[in-house]
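*Asks:* Here's my sequence, what's the structure:
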Amino acid sequence: MKRFHVAGSRVIKTGIAIFITAWLCEWLGWPPVFAVITAIVTIEPTVSDSIKKGFIRFPASAIGSFYAVLFISFFDHSPLTYTLAAVCTITTCVKLRLHAGLLVATLTAVAMVEVIHSNYIISFFIRLGTTTIGLIVSTAVNMFLFPPDYTKNIVENINSMAQKTGKTVENVFRYVLEARDREAKDNPGEEMMEQLHKAFHQTETLIQFQKDEAKYHPLTGREKRLFELVQDQLTRLRMIHYHVDNIVKIPMETLSWSAEERSTVMGAVLKLAAELQSDSAYDRSLHQKQLSHLMELFWEGNEEITKNSDQHPTHFPPELIILYELLAIYEQVEAFYEHHP
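*Replies:* Residues are numbered from 1 along each chain as shown. Got it, this is the predicted structure:
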């Protein structure tokens, strides 16, 4: 039976922040609801984000509190008060570019209309106090409890992307080399390329999270080295993605290669795909031997074109493009494993 996953560290931190915030407000005799709302939205993926957005949410909440008090004094607790408090809060926050505090400010403004019945000025400053408690408690909890470490997730993503990249390389080259009617068949690699693009974006986001987190929880020597290695590996995979994308997008004419030549190139592609899908399949000496063989094919093809005085092509033949991109991918795979953690 699959084990039920109760909660992640961020959910647990949110619960702890809510409890401490509510307890402090009860101890001070202040209504905890506004502080709890602030505490919930302040738990961000990184401490850096909690602090940065905290400086935005505090003035935004002050704006919401101000409009609530202002319109209650004019229109009491009427529907117009709710409307004006919300609309003016949203408009002001947008004008001042306090987008990160827009939600909590609007909730504060609307909720205050319901609970304020007297002592408007005192209520305004109490709301500022509860907001401050929520911000400080959540930021402190985010900083000191379960500090996030995204390196493991980054490594897992890169390993997964390497495997998918290997499969994509195989599918794209197989389509180019073996498809009989390319116009009638969609390239199966295009959808896989789109999936890889999303995976790259997600991994780059995690890397940025880890960089931000390192400002408050510096990485140790070994952790820092690993983080640098996985960043370099991601760069290599990005370059492979770029070269494969070139193959996908260029208009392919009929290839002049014989069946034997196609088989030779496809064999090199299959070896490359296997290396990307499993690090145990990578052997540096065999990899370089295959790279040298492909380089010979490339220069032989280039020499045939330059020797033929009757032909002065204005664009590269598709055979040379395929070999060039394959050679570039081979070099990137070698660099990828040089920096393998």
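*Asks:* alpha carbons only for contacts and neighbour counts from here, please
*Replies:* Noted.
*Asks:* next structured bit after the worst-scoring helix or strand of the chain on mean pLDDT?
*Replies:* Every helix and strand of the chain was ranked by mean pLDDT, DSSP states H and E. The lowest is helix 284-307, at a mean of 71. Using DSSP states H and E, the helix or strand that follows helix 284-307 in sequence is helix 318-338.
*Asks:* list the buried ones in that following helix?
*Replies:* Buried residues in helix 318-338, defined by neighbour count with 16 or more other Cα atoms under 10 Å: 318-334, 336-337.
*Asks:* Okay, and residue 226 sits in which element?
*Replies:* helix 221-249.
*Asks:* Check which helices and strands that helix sits against.
*Replies:* helix 151-178, helix 188-214, helix 318-338 (3 or more Cα pairs under 8 Å, 6 or more residues apart in numbering; DSSP states H and E).
*Asks:* Could you measure from residue 164 over to residue 189?
*Replies:* The spacing between residue 164 and residue 189, counted by Cα to Cα, to the nearest Å, is 10 Å.
*Asks:* host element of residue 148?
*Replies:* Going by DSSP H and E, residue 148 is not in any helix or strand.
*Asks:* quick one, what contacts it?
*Replies:* 45, 46, 213 (Cα atoms under 8 Å, 6 or more residues apart in numbering).
*Asks:* swap in residue 323?
*Replies:* 294, 297, 298.
*Asks:* Find me the pLDDT at it, would you?
*Replies:* pLDDT, residue 323: 83.
*Asks:* domains of this protein?
*Replies:* According to automatic domain parsing, the chain comprises the domains 9-144, 151-338.
*Asks:* can you tell me which of those domains the model trusts least?
*Replies:* What stands lowest among the domains of the chain, in mean pLDDT terms, is domain 151-338, with a mean of 81.
*Asks:* now that domain, how far from the centre of its chain.
*Replies:* Domain 151-338 has its C-alpha centroid displaced from the chain centroid by 21 Å (Cα atoms, centre = their mean, to the nearest Å).
*Asks:* what's the answer for stretch 126-145, then?
*Replies:* For stretch 126-145, the distance to the chain centre is 27 Å (Cα atoms, centre = their mean).
*Asks:* and it, which residues are buried?
*Replies:* 126-139, 141-143.
*Asks:* ok, residue 164 and residue 189, which is more surrounded?
*Replies:* residue 189 (22 against 19; other Cα atoms under 10 Å).
*Asks:* Contacts only, for the more buried one.
*Replies:* Neighbour list for residue 189: 168, 169, 171, 172, 248 [criterion: Cα under 8 Å, 6+ apart].
*Asks:* Burial-wise, tell me which of the domains of the chain comes out on top.
*Replies:* Comparing the domains of the chain by mean neighbour count (mean count of other Cα atoms under 10 Å), domain 9-144 ranks first with a mean of 20.
*Asks:* how far does that one sit from the chain's center?
*Replies:* Worked out by Cα atoms, centre = their mean, domain 9-144 lies 29 Å from the chain centre.
*Asks:* Now do the helix or strand hosting residue 141 against helix 188-214, angle only.
*Replies:* If you go by DSSP H and E, residue 141 is part of helix 120-144. With axes from the mean of the first three to the mean of the last three Cα atoms, to 10 degrees applied, the angle from helix 120-144 to helix 188-214 works out at 110 degrees.
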